[in-house]
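1. could you work out the structure for the sequence below:
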Amino acid sequence: MTSPPNILLILTDQQRFDSLGANDNAICQTPSTDRLAREGMNFTHVFTPTSLCSPARASLLTGLYSHNHTMTNLTNTRIQGVEELPDHLSTYAMLLGDAGYRMGYAGKWHTGKTKSPLDWGFDDYRAGVGWHEWLPTGTRLENESAIRLGYDQDKPMAARVARPLAEYPELGRTDAAIAMLEEYADGDAAFCLQLNYFGPHYPHYLPEPYHSMYDPVQIPPWDNFEARPSTPHHGYRWLRDRWCAPTDEWSHYAEIMAAYYGQVTLLEHEIARLLEALDRLELSQSTLVIFASDHGEMGGGNGLLQKGAVAYDELYRVPLVARWPGRIGAGSTCDQMVNLFDLMPTLLEAGGVQSAAVLDARSALPLMLGETPVDWPDEVFCEYLAYQAGDMELKILRTKTHKLAVNLSDADELFDLAADPGETTNRIDDPAYRQVRDELGTRLEAQMARTHDPLLGTFRERMSSYLV
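-> Coordinates of the predicted model:
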């Protein structure tokens, strides 16, 4: 019987699927994830269960949708909500730890206000250097972007920081993870280490050489940059108002994307340090390495920045690359529909552990090993339930060819992704798409019923309006 692998899960924050060279980005340099794709499997259709940091990370830990683990908002929001996961839940860390794994956690948490990873099954927790130490009072920002922070117009969204690269917080997170690897390499137990970077989440305050690595002039606009909904719902309007450029010129957005790409490449160089440490410690052959991100970033798509109550792929489609020498085929690709939180039972199955609890997610390990279960779904169900200003409840059913986004407090959307990959034309009221809308609605209703969604009744009332 094959021994359970060590596991290294690398999670970035707010990284688009198309930011990787392995996913056909010809501008942004991503040598480390490209290497993982060459030596492992690249997943091309992975979607986050929800496009917001705290609830997405809670889903990854528990294998549950937001409506079941109940953390629907950011834990640091000024609007009161669920700030800690309910005590009765189990995480993959608790279950792997009970099975004998040494559990480590480094970097960003953001899945609880007072509790830490140590309360949810991890043996070791090292947060690394914080932003307050990186940007102490009086730190000089240079070359400030025209676009400002939505919550503080006095500060730019992107800027050069006149401080040494060695002080940049992400380097400290990598240092902490490498120190754990060195400790775990001397032990007899298998280990599972989750490393969480802050980037490429805004603000994009970067030292050189990363701030100036990409020239905004060399970054072309997205095909859907100038697209605007004919009747934008409240979530779209709020996002446009909050994260807006001085004008609608692409140059302002390109300035942000240049810094965003710089942040991505900085992390790639940090990931290279991790892979080198695995090689040096002779752990590469025995370690399942997974790279992913919690959600995406609009980056100018449909004229929007950041994230919020919109259902576009820029937010929901995320990168996922996995390497396990001798088990995952080198240079392989998986185009099955996968949900990010499927990683929770995937890690459990890789470690030879079963969860006693009923999960909303299912293991993607068979896919990694080149086997597609006959009942693997050809759809993903996603949602957005935050209640910050401008937010609304969204239920999303996405196949490879179409997307239905039911907005329980405003206008619904239906996109033909085969003909309109940029999601620029809403077909919800188009008679030619009535059958598609009804079929996707039925499938979305089944997903909500399967996961005991408390909004199922409200959803049925909404869909019944189309039968009138």
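2. show me the shaky parts of the stretch 51-200 of the chain.
-> For the stretch 51-200 of the chain, the stretches flagged by pLDDT under 70 are 77-80.
3. mind jotting down where the strands sit in it?
-> Secondary structure of the stretch 51-200 of the chain by DSSP state E, counting those that start in this stretch: the strands cover 102-107, 124-126, 141-142, 148-149, 152-156, 158-161, 191-196.
4. residue contacts, Ser145?
-> Counting by C-beta atoms under 8 Å, 6 or more residues apart in numbering, Ser145 makes contact with Pro156, Met157, Ala158, Ala159, His204, His252, Glu255, Ile256, Ala259. Backbone N, C-alpha and C define where each C-beta goes, glycine included.
5. test my guess that the fourth one contacts Tyr205.
-> Yes: counting by C-beta atoms under 8 Å, Tyr205 is a contact partner of Ala159 at 5.4 Å.
6. anything in contact with each of the two?
-> Common neighbours of Ala159 and Tyr205, using C-beta under 8 Å, 6+ apart, are Leu141.
7. from memory Phe225 sits against Leu305, does it?
-> No: in this structure, Phe225 is not within contact of Leu305 by C-beta under 8 Å, at 11.2 Å.
8. overlap in contacts, the two.
-> Taking C-beta under 8 Å, 6+ apart as the contact rule, Phe225 and Leu305 both touch Tyr253.
9. which one of these two has more residues nearby?
-> Ranked by neighbour count (other C-beta atoms under 10 Å), Phe225 and Leu305 place Leu305 first, with 24 against 19.
10. who's in contact with the residue nearest to the more buried one when sequence neighbours are not counted?
-> Closest residue to Leu305 apart from its sequence neighbours, by C-beta to C-beta, 6 or more residues apart in numbering: Trp243 at 4.0 Å. By C-beta under 8 Å, 6+ apart, Trp243 lies in contact with Ile147, Gly150, Met157, Leu304, Leu305, Gln306.
11. for the last one, pull up the helix or strand it's in.
-> Under the criterion of DSSP states H and E, Gln306 resides outside all helices and strands.
12. ok, which stretches of this protein are helices?
-> 31-39, 53-62, 66-69, 92-98, 131-134, 169-185, 234-242, 250-280, 313-316, 343-350, 365-368, 434-450, 456-464 (DSSP state H).
13. figure out which of these is closest to Tyr210.
-> Nearest of the helices of the chain to Tyr210, taken as C-beta to C-beta: helix 250-280 at 4.0 Å.
14. any idea how far Leu305 is from the closest residue to Gly150 other than its chain neighbours?
-> Once flanking residues are discounted, Gly150 sits nearest to Arg242: 4.0 Å by C-beta to C-beta, 6+ apart. Distance of Arg242 to Leu305, given as C-beta to C-beta, to the nearest Å: 9 Å.
15. Leu165 too?
-> 26 Å.
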